[in-house]
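A.B. asks: here is my input; please provide its structure:
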Amino acid sequence: MLEALPLIALGFFLGVRHATDTDHVIAVATIVSRQQRLGGAAWIGAIWGIGHTLTVVVVGGAIIFFSIVIPPRIGLAMEFAVAIMLVVLGVLTLTGMTQWLRDHITPNLWGSHGHTHAHGDYAHSHTHGHSEADHGHRIEETPQARLDASLGGLTVYQMLRPLVVGVVHGLAGSAAVALLVLAAIRDPYWAFVYLMLFGIGTLVGMMLITVALAAPFAVSANRFPKFNVYLRVASGLLSVGFGLFLMVYIGWVDGLFTGNPQWTPQ
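C.D. replies: Below is the predicted model:
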């Protein structure tokens, strides 16, 4: 199998390229839009990559070793789940932005007014004035602070979203990766090694992408807060729009909701 080694090594670089797929980039951009630290963005990319690699290795390995056949409707359903997830991520981002817009478009003309602001990763709105006595609560009394106090430094609730997103993307792409590998590498053990390197490459690629995507959000968060909000709105709208496009295309063009589903792993 020495002749297969260059192809197996190529799996790492193909994994890095796989991280740049449009649906991957849009989903992660929506998540990192709230990040103000590049290190945190890199961790989001790593967690996404772990979830993606886990499902690619498990599902792809099962296809390789047990010759599992994925029916077209099941394959399309896995891809449709990605489209739904993109819409949900976009809606969650836009929901947080509508409060900010409402606060600034219809301000209260009296002394106290509605104001959206953040404590760490938690953004919320309440009526208050600009003096400390009018703020309405202490920083340590926010839901974010209470979660931090109970969960310590683990912040599992912050890691869960990119992990789930990575798992869903991995489910949608694992069959395609495994079938393409089997076409080139007949030995199942070497094919499994390829899957592992492909997953590692995807993890590394997504870490680089999340850092690059988070940079404008991190720079604008404190210096240009309004521009930061516009970036978040843009990422949310893009996620919703692309997700809806995929839902229509997969559902009716590819035939998930018709009597003739057409699915070619790619």
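
A.B. asks: and residue 259, that one's in a helix?
C.D. replies: No. Under DSSP: H, G, I helix; E, B strand; the rest coil, residue 259 sits outside any helix and is assigned coil.

A.B. asks: quick one: average pLDDT of the helix or strand harbouring residue 247?
C.D. replies: Residue 247 is located in helix 225-248, with elements delineated by DSSP states H and E. Per-residue pLDDT over helix 225-248 has a mean of 91.

A.B. asks: run the chain-centre distance for it.
C.D. replies: Mean C-alpha position of helix 225-248 versus that of the full chain (Cα atoms, centre = their mean, to the nearest Å) differs by 13 Å.

A.B. asks: which other helices and strands contact it?
C.D. replies: helix 22-32, helix 72-105, helix 188-223 (3 or more Cβ pairs under 8 Å, 6 or more residues apart in numbering; DSSP states H and E). From N, CA and C alone the C-beta is placed, and that goes for glycine too.

A.B. asks: and the second one, what does it pack against?
C.D. replies: Read it as helix 72-105. Contact here means 3+ Cβ pairs under 8 Å, 6+ apart; on that basis helix 72-105 packs against helix 22-32, strand 113-119, strand 122-128, helix 156-184, helix 225-248.

A.B. asks: over to the shortest one?
C.D. replies: Packed against helix 22-32, as judged by 3+ Cβ pairs under 8 Å, 6+ apart, are the following elements: helix 38-66, helix 72-105, helix 156-184, helix 188-223, helix 225-248.

A.B. asks: any idea which of the helices and strands packed on helix 72-105 gets closest to residue 73?
C.D. replies: Shortest separation from residue 73 across these is recorded for helix 156-184, at 12.6 Å, computed as Cβ to Cβ.

A.B. asks: what angle do that closest one and helix 188-223 make?
C.D. replies: Per axes from the mean of the first three to the mean of the last three Cα atoms, to 10 degrees, the angle that helix 156-184 makes with helix 188-223 is 140 degrees.

A.B. asks: mean confidence (pLDDT) on helix 156-184, please.
C.D. replies: 82.

A.B. asks: buried set for it?
C.D. replies: Taking 16 or more other Cβ atoms under 10 Å as the basis for neighbour counts, the residues of helix 156-184 that come out buried are 158-159, 161-163, 165-182.

A.B. asks: quick check, residue 35 in a helix?
C.D. replies: No. The assignment for residue 35, made by three-state DSSP, is coil rather than a helix.

A.B. asks: quick check, it in contact with residue 219.
C.D. replies: No. In this structure, residue 35 sits apart from residue 219 without contact. The criterion is Cβ atoms under 8 Å, and the distance is 11.4 Å.

A.B. asks: ok, these two, which is more surrounded?
C.D. replies: Higher neighbour count among residue 35 and residue 219: residue 35, with 22 against 14, using other Cβ atoms under 10 Å.

A.B. asks: and that one, how close does it get to residue 29?
C.D. replies: As for residue 35, its distance to residue 29 is 10 Å (criterion: Cβ to Cβ, to the nearest Å).

A.B. asks: same check on residue 17?
C.D. replies: For residue 17, the distance to residue 29 - Cβ to Cβ - is 18 Å.

A.B. asks: neighbour-wise, which of those two wins?
C.D. replies: Set residue 17 next to residue 29 and count neighbours by other Cβ under 10 Å: residue 29 wins out with 24 against 11.

A.B. asks: check what pLDDT that one gets.
C.D. replies: Listed pLDDT for residue 29 reads 90.

A.B. asks: swap in residue 92?
C.D. replies: In the prediction, the pLDDT value recorded for residue 92 is 85.

A.B. asks: ok, now how distant is it from residue 69?
C.D. replies: Distance of residue 92 to residue 69, computed by Cβ to Cβ: 36 Å.

A.B. asks: in terms of neighbours, single out the busier of those two.
C.D. replies: A count of neighbours by other Cβ under 10 Å puts residue 92 above the other of residue 92 and residue 69, at 14 against 9.

A.B. asks: for the more buried one, which residues are in contact?
C.D. replies: When contacts are counted by Cβ atoms under 8 Å, 6 or more residues apart in numbering, residue 92 touches 30, 236.

A.B. asks: that's all I had, so thanks and see you.
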